[in-house]
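1. Need a 3D model of the following:
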Amino acid sequence: MSPPNAPSATRIPTGARLRQLAFAYLGRREYSKQMLIDKLAETGADLNAIQQLVDELADSCYQSDSRMASMTVRSNLRRGRGQARIKQDLKKYAIDPALAAAELAATDWLQQAIQLRMKKFGATLPTEAKEKARQFRFLQYRGFDLDICRQALAWQDEDE
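-> Numbering: from 1, shown residues only. Below is the predicted model:
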């Protein structure tokens, strides 16, 4: 008798069951091609069958790396993250950064950094070096370039 957690021949999904499982995963959230392959491989199914299924799902537009890339960019922008953090997420999800290049290029990173700084620290600019360094580190950690961080800390609203 095999241990209860050991994969048995009856538990390993094949054919229609593997397809059902893939649709169940995709129904809950968006997956990149590699993430879906990894998730289905955890079940112990044949890697060739998984690869064929995922390719078929991608051809049928049930799975799309470009849709996943777009969603990742939008999600990270809502969270106040900069370009470096977004690229890091794309790499984590095994998505080609070229799929998100248009959205990344269309984003006004300075405006994003200014809004994030104002939301966290208020509208007044820091005058002390210690406070400037703290805000600069905050923006850097969020993934903004050095130049963008400098400009965001020097930006002054014309209305004031």
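2. Ends of stretch 40-53, what's the gap?
-> 10 Å (C-alpha to C-alpha, to the nearest Å).
3. Tally up the residues packed near Ala152, please.
-> When neighbours are counted by other C-beta atoms under 10 Å, Ala152 registers 23. Just so you know, the C-beta spots here come from the backbone N, C-alpha and C atoms, and that holds for glycine as well.
4. Is it in contact with Met118, as I believe?
-> No - assessed by C-beta atoms under 8 Å, Ala152 is found out of contact with Met118, at 9.0 Å.
5. what's in contact with whatever helix or strand Asp89 lives in?
-> Using DSSP states H and E, Asp89 maps to helix 83-92. Here helix 83-92 makes contact (C-beta atoms under 8 Å, 6 or more residues apart in numbering) with 69, 72-73, 76-77, 81, 96-97, 99-100, 104, 107, 109, 142-145.
6. CA-only coordinates of the lowest-mean-pLDDT helix or strand in the chain in PDB, if you can.
-> Here the helix or strand of the chain ranked lowest by mean pLDDT, DSSP states H and E is helix 15-28, holding a mean of 90. The C-alpha coordinates for helix 15-28 follow below in PDB (Å, rounded to 0.1, in the frame of the first residue of the first chain):
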ATOM      1  CA  GLY A  15      -6.500  14.100 -21.200                       C
ATOM      2  CA  ALA A  16      -9.800  15.600 -20.300                       C
ATOM      3  CA  ARG A  17      -9.000  15.800 -16.600                       C
ATOM      4  CA  LEU A  18      -5.800  17.700 -17.300                       C
ATOM      5  CA  ARG A  19      -7.700  20.100 -19.500                       C
ATOM      6  CA  GLN A  20     -10.400  20.600 -16.800                       C
ATOM      7  CA  LEU A  21      -7.600  21.300 -14.300                       C
ATOM      8  CA  ALA A  22      -6.000  23.900 -16.700                       C
ATOM      9  CA  PHE A  23      -9.400  25.600 -17.200                       C
ATOM     10  CA  ALA A  24     -10.000  25.600 -13.500                       C
ATOM     11  CA  TYR A  25      -6.700  27.300 -12.900                       C
ATOM     12  CA  LEU A  26      -7.200  29.900 -15.700                       C
ATOM     13  CA  GLY A  27     -10.700  30.500 -14.400                       C
ATOM     14  CA  ARG A  28      -9.400  31.700 -11.100                       C
END
